[in-house]
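Asker: Pasting a predicted model and its sequence here:
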There are 2 protein chains.
Amino acid sequence: MAENRSKDIIVIGASAAGLRAAARARRLLPDAKILVIDRDSFISYGACGMPYFVSGDIHSADRLRETPYGIVRDTDFFRKSKGLEVIIETTVERIDCENKQVYCRSLKNEETSEYRYYKLVLATGANPIMLPGVPTDSRRITTFKTLHDAIDLRKSLEKREISKAGIVGGGFIGCEMAEAFGALWGVEVVLIEATPNILPNILDPEMASPVEEYMRSEGVEIHTSCPLQGITENDEKVTLETAQGNFEVDRVIIAVGVKPNSRLAAECGLTLGSRGGIVVDDRMTTSDPNIFSAGDCVEVKHMVSGQPMQLPLGSLANRQGRVIGSNLGGGDERFRPVVGSAAVKIYDMNVASTGLNEAAARDAGFDAASAWGTFTDRADYYPETENIHLKLVYDKSTGRLLGLQGYGKGDVVKRVDVFAALLRHDGYLEDLLDMEFAYAPPYAPAVDPLFSLGAMARNSMFEGVESVSPAASLDDRHVLDVRQEVEIAGQPLPECDSQSIIPEELREKCEAISRDKPLLTVCAKGIRAAECTRILKEKGFMDVKYLGGGLFMRPEK
Amino acid sequence: MAENRSKDIIVIGASAAGLRAAARARRLLPDAKILVIDRDSFISYGACGMPYFVSGDIHSADRLRETPYGIVRDTDFFRKSKGLEVIIETTVERIDCENKQVYCRSLKNEETSEYRYYKLVLATGANPIMLPGVPTDSRRITTFKTLHDAIDLRKSLEKREISKAGIVGGGFIGCEMAEAFGALWGVEVVLIEATPNILPNILDPEMASPVEEYMRSEGVEIHTSCPLQGITENDEKVTLETAQGNFEVDRVIIAVGVKPNSRLAAECGLTLGSRGGIVVDDRMTTSDPNIFSAGDCVEVKHMVSGQPMQLPLGSLANRQGRVIGSNLGGGDERFRPVVGSAAVKIYDMNVASTGLNEAAARDAGFDAASAWGTFTDRADYYPETENIHLKLVYDKSTGRLLGLQGYGKGDVVKRVDVFAALLRHDGYLEDLLDMEFAYAPPYAPAVDPLFSLGAMARNSMFEGVESVSPAASLDDRHVLDVRQEVEIAGQPLPECDSQSIIPEELREKCEAISRDKPLLTVCAKGIRAAECTRILKEKGFMDVKYLGGGLFMRPEK
């Protein structure tokens, strides 16, 4: 074997994790021979930005490959600017761990090559999941994973080949693509989701439902609890077959998630987790001490549940890559468990979550309870203020924070990010009461939503002021609507056993409320109803709860 | 004394702290007799929103007094809705702690009254500082503290009585008022600040200077290091006299800060701090166990410096009020030390900080070092992305986080809020590397600015990749400009000893750089220059540093 076939470090995969690891190692080891191998022709692009390229918001695909100062990140860039040798359009066919050797084949000319390594980094990413029975050779039925996918789709849109699109899967990509098709190109979209709600990994059903209604109001046809039963294609159309009907479309995107690309790792005997991800320790070392792994192909540990999970996010891949690079360079950096923050923008709606949702919290064995609230994201009198709708999940035995999820046109993401910092430090409800926000009317109300949520949760735990889910039935209890007349006119209560008393008159008029039936107080956002619940309990009403988050969290269907 | 003159709880001051304490106490003690006394006719208004009322962004002053559902928060509202007795336009003249009695006088009819209390809450707020020699009886020279001040000013603007305004003091209120005068009303503004930079409490000089330049570009005339030396008034004009010239204006706002209104506390012998604030323990109890205090009149303890400070913020006042209310109700809540987050919006510029600035960190005895950076607030390819400019202050002996400050048109505040959560949990640089942000291109770059800042600081501490302040002189070193040609054309370097080599060519061309002189690498944002510094050190250049934050943090004067 020629000398130049022996490398100090070989990295398989030239995306966020692999290139970050390689670049960091290069900085710490100026003389090391580092080789990065990728099977694609495009490397180091902003895959998360692809929906914005398809939508037309980003003009050219090269924008996703450029540095901020306009240099395309190709092999030439990495050689000159980062001192890295990158070979592309080359697949690694096999790893021989014992002899520390990788076997490659060029996808351009089928030539094979082999390289020895001292340390190996697997950054092989994830592959999109294909549903059984779905043709894999159709130009009109594809997943959406690579820049090639995005460029093909954009071309079809520019040629006006698509007037109706079908999206299978209501996760991030499905929701982003629904907007990408519809907003600029005017393509009709039907989105089908197998589970009972869209965004099932980050939102509980009562939180997802208003987002669904909002997407419908923007023109997206959504069917939930609607698994794909079959798919057929003829010269004219593709037909999606479901129990809720057949949908004829011109183009189908299958976006039902990804699975770790751990084939090479499995074949050379590295330990995989139950979900197929490569198992690594906190230094990102696999079960072979000479092989590191990072990015969408590894399993991470959830900090709150303690359980292993897949979390394919570019932000984590970057951080993991740095950890590997540092450790290759002689350092001792650790990648700690994650809380799993995620966000997606859908039209003008911001959706984000961190930690565990209520279902996941129960699965993980917590005594999970929730608090909901609707808040303005800035001072309510500030002209540009918008509402946000939040759900806090906590453990009601201990007050430990478990998760936060939210949606709304206002700044949800900031609250999720701050909450994530508390989660990472094992936060409790009282930490929400201690939080400091940089307060000015354009940025936050004087009492921040997270403070209010924490107070609501504590009021429930310690003072018996309890709420029900914003999606709860209004038929089980006598409903006391404490809104002002003008608010009721704007959003009338659905038909139910109800009466209306404003808070200002409640102390005087509470004798007019029947004591025979459990009560449910309702208002627009949940705050006044909570306060009225307390007053009614003082006045001797035994069974009173309030509608968490208020009627603003109950979209009309 | 009549029975109704004996109260369980008396609260002096019907603003955020006092009313929150009273309302919370009422919830926990439904039968307590609670009286709130205030000398003003307006109570419970959003004082922080007053600049937006003056500017015209908020139409009516009542918006600052209303609940989000349109009810004005007057005494009637508090009686009916919160079950609180509030008397207004009444001043408390004296407290007799021994006999637990307060002596009041009506400002409407001069009638006096006295009340016994079981527990007393002082929420007397702060008074604006008046400079010596400034007339206190002029309608044209005022402070800006009460809603009356705001209403008067708005009337003058509506009557077009002001064509030029003078602002004395470049803190939050001074800066907000500069915009309020100028933006809608077209009033010319001259702002004078005694210290060397505006916003001296939250920004170090090199961070304040670009904000000043930005305000100048919006038409505000600013003079720093320019104390007021005299002020004269005639029928036509008011003249501000300074060493930098005399300024003739129609209206003057004195906005040089506030001091705790602790007169009553002092007169009845409560312990005050060195800055005149009322000293309280973590239950918000004063030196008299029957008297609590909260809001702008108390001293708080800084969590990082450990030192007492004044921090007059509505957000803290609310939280302190809740603590008192809970403790009055039999609870045991604590108000913990603060990190002092603050924010201000000036035109389209967001400015925020938390923790200690560099000067304060040195004063507090830390081995303070700084890292600067310019970043996009979202993915750089995302269409609406904006720059933010951040400065991290940390202890270079330990890596402990001490403070963060930032400005820019992008989302500075989110980073400050997340950083504040870390500060409250005694964070270190490695915590920045572990942070999780809800990542999607519309919300953050894949590598968040806080991660990058943490990495830069660690690279300086452990790997010798050092920066200089963005305001540093370019004359002390040979400057290596690593920007692309098109960038240099857009923002040429000032005249200095310099040469230009792009990073892609640096490895080849570094022999062309003189080794005789210390080097300074510069780029637009600091990232590339940092990387080039590392390469040059590898290549044997001994004294190389980079311009922190890049040339984007050096405004042209």
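Answerer: All right, it came through fine.

Asker: quick one, strands of the stretch 201-350 of chain A?
Answerer: Counting by DSSP state E, counting those that start in this stretch, the stretch 201-350 of chain A has strands at residues A:221-223, A:230-233, A:238-242, A:245-249, A:251-254, A:258-260, A:291-293, A:300-301, A:308-309, A:342-346, A:349-355.

Asker: doesn't residue A:225 make contact with residue A:196?
Answerer: Yes - the criterion here is CB atoms under 8 Å, and residue A:196 meets it with residue A:225 at 4.9 Å. To be clear about C-beta, it is placed using only N, CA and C from the backbone, and glycine gets the same treatment.

Asker: re the thing from before, which one of the strands of the stretch 201-350 of chain A lies closest to residue A:112?
Answerer: With respect to residue A:112, and counting by CB to CB, the nearest of those is strand A:291-293 at 21.3 Å.

Asker: List the buried residues in the closest one.
Answerer: A:291, A:292, A:293 (16 or more other CB atoms under 10 Å in any protein chain shown).

Asker: Identify the bridge partners of the last one.
Answerer: According to DSSP bridges, residue A:122 are recorded as the beta-bridge partners of residue A:293.

Asker: quick one: it from chain B, how far?
Answerer: Distance of residue A:293 to chain B, computed by CB to the nearest CB, to the nearest Å: 19 Å.

Asker: same deal with the first one?
Answerer: Per CB to the nearest CB, residue A:291 is found 23 Å from chain B.

Asker: Without its sequence neighbours, what residue ends up closest to that residue?
Answerer: Excluding the flanking residues, the one nearest residue A:291 by CB to CB, 6 or more residues apart in numbering or on different chains is residue A:120, at 4.6 Å.

Asker: what residues are up against that neighbour?
Answerer: Residues near residue A:120 by CB atoms under 8 Å, 6 or more residues apart in numbering or on different chains: A:9, A:10, A:11, A:12, A:95, A:100, A:102, A:290, A:291, A:292.

Asker: got any ranges where chain A has weak pLDDT?
Answerer: In the predicted model of chain A, residues A:1-4, A:556-557 satisfy pLDDT under 70.

Asker: Where do the domain boundaries of it fall?
Answerer: A:3-43+A:65-126+A:259-328, A:141-256, A:342-463, A:468-553 (automatic domain parsing).

Asker: Just give me how far the first one sits from the chain centre.
Answerer: By that I understand domain A:3-43+A:65-126+A:259-328. How far domain A:3-43+A:65-126+A:259-328 lies from its chain's middle: 24 Å, per CA atoms, centre = their mean, to the nearest Å.

Asker: Surely residue A:64 and residue A:53 touch.
Answerer: Yes - between residue A:64 and residue A:53 there is a contact under CB under 8 Å: 6.2 Å.

Asker: which residue packs closest to residue A:475, ignoring adjacent ones?
Answerer: Closest residue to residue A:475 apart from its sequence neighbours, by CB to CB, 6+ apart: residue A:496 at 5.9 Å.

Asker: Burial check on the one you found, number of neighbours?
Answerer: 15 (other CB atoms under 10 Å in any protein chain shown).

Asker: Kindly report the same for residue A:232.
Answerer: 12.

Asker: how close does it sit to residue A:161?
Answerer: 19 Å (CB to CB, to the nearest Å).

Asker: go on, residue A:242?
Answerer: Taking CB to CB as the measure, residue A:242 falls 24 Å from residue A:161.

Asker: now swap in residue A:429 and tell me
Answerer: 54 Å.

Asker: More neighbours: which of the two?
Answerer: Applying other CB under 10 Å to residue A:429 and residue A:161 shows that residue A:429 carries more neighbours, namely 24 against 13.
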